[in-house]
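>>> How does the following fold in three dimensions:
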Amino acid sequence: MAYWYRDNLTVSDGAADGAKWGAIQGNKLTPAGETADYTVISVMRQAMANLTPDSIDRIVIYKAGPSAFGTPLAQVPAQCKTSGTSITGSCNIYTPTVAFLQVQNGNAGYFNCATTPGSPACAWNPITRHDGPNATDIDYLGVYVKLKHKNLTGIFGASRNIEAASISRLEPGNLVP
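Predicted coordinates:
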């Protein structure tokens, strides 16, 4: 049970860190040409380093809304939790083993739709997310993680899923009064 609790905290922290850093970067490219999705996956790779990548089922970066729209887990589009491909205008779905390897190899182009057409990032393109010009036009970025936790003793079954999500509002760009 202690390992499940540790993994639950790790996944929750990874989602929160990813959402925070992705929202800070917003729709901007870093000087190295990295999109917010690259940054999210990179930060999550570090935050969840004690988990094996093959135990993480999926990482979803999704278009969310303010807290009035529901909890972060409730705002994850249902099809983004089950689909094998990203959903246009809704979410980018990443397979952790592939995405972590792209970050490890410094392949920022994998997360940039302009560089790699057909990339998982093309469904909700990181560089076209809205950060203004009006405060009401700013997008909310959500990060969802699903982990398959294997139970050691089998008393509670062979495994159980751990899901976590977090939402952050994009850093405002040039706003107009």
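>>> now residue 4, what's its secondary structure?
Assigned with DSSP: H, G, I helix; E, B strand; the rest coil, residue 4 falls in the helix class.
>>> ok, for it, nearest residue in space, not its chain neighbours?
Take residue 4 and drop its neighbours on the chain: the residue closest to it by Cβ to Cβ, 6 or more residues apart in numbering is residue 149, 5.5 Å away. For the C-beta atoms, the positions are set from N, CA and C on the backbone; glycine is no exception.
>>> With residue 147 instead?
Excluding its sequence neighbours, the residue lying closest to residue 147 (Cβ to Cβ, 6+ apart) is residue 162, at 4.4 Å.
>>> Quick check: the one you found touching residue 7?
Yes. Residue 162 lies in contact with residue 7 (Cβ atoms under 8 Å); the separation is 5.8 Å.
>>> what touches both of these two?
Here residue 162 and residue 7 have 147, 149 as joint contacts, going by Cβ atoms under 8 Å, 6 or more residues apart in numbering.
>>> For residue 149, which three-state class applies?
Under the three-state scheme (three-state DSSP), the conformation of residue 149 reads as strand.
>>> hang on, isn't residue 171 packed against residue 132?
No. The criterion here is Cβ under 8 Å, and residue 171 misses it with residue 132 at 9.9 Å.
>>> more neighbours, those two?
More crowded of residue 171 and residue 132, by other Cβ atoms under 10 Å: residue 132, with 18 against 15.
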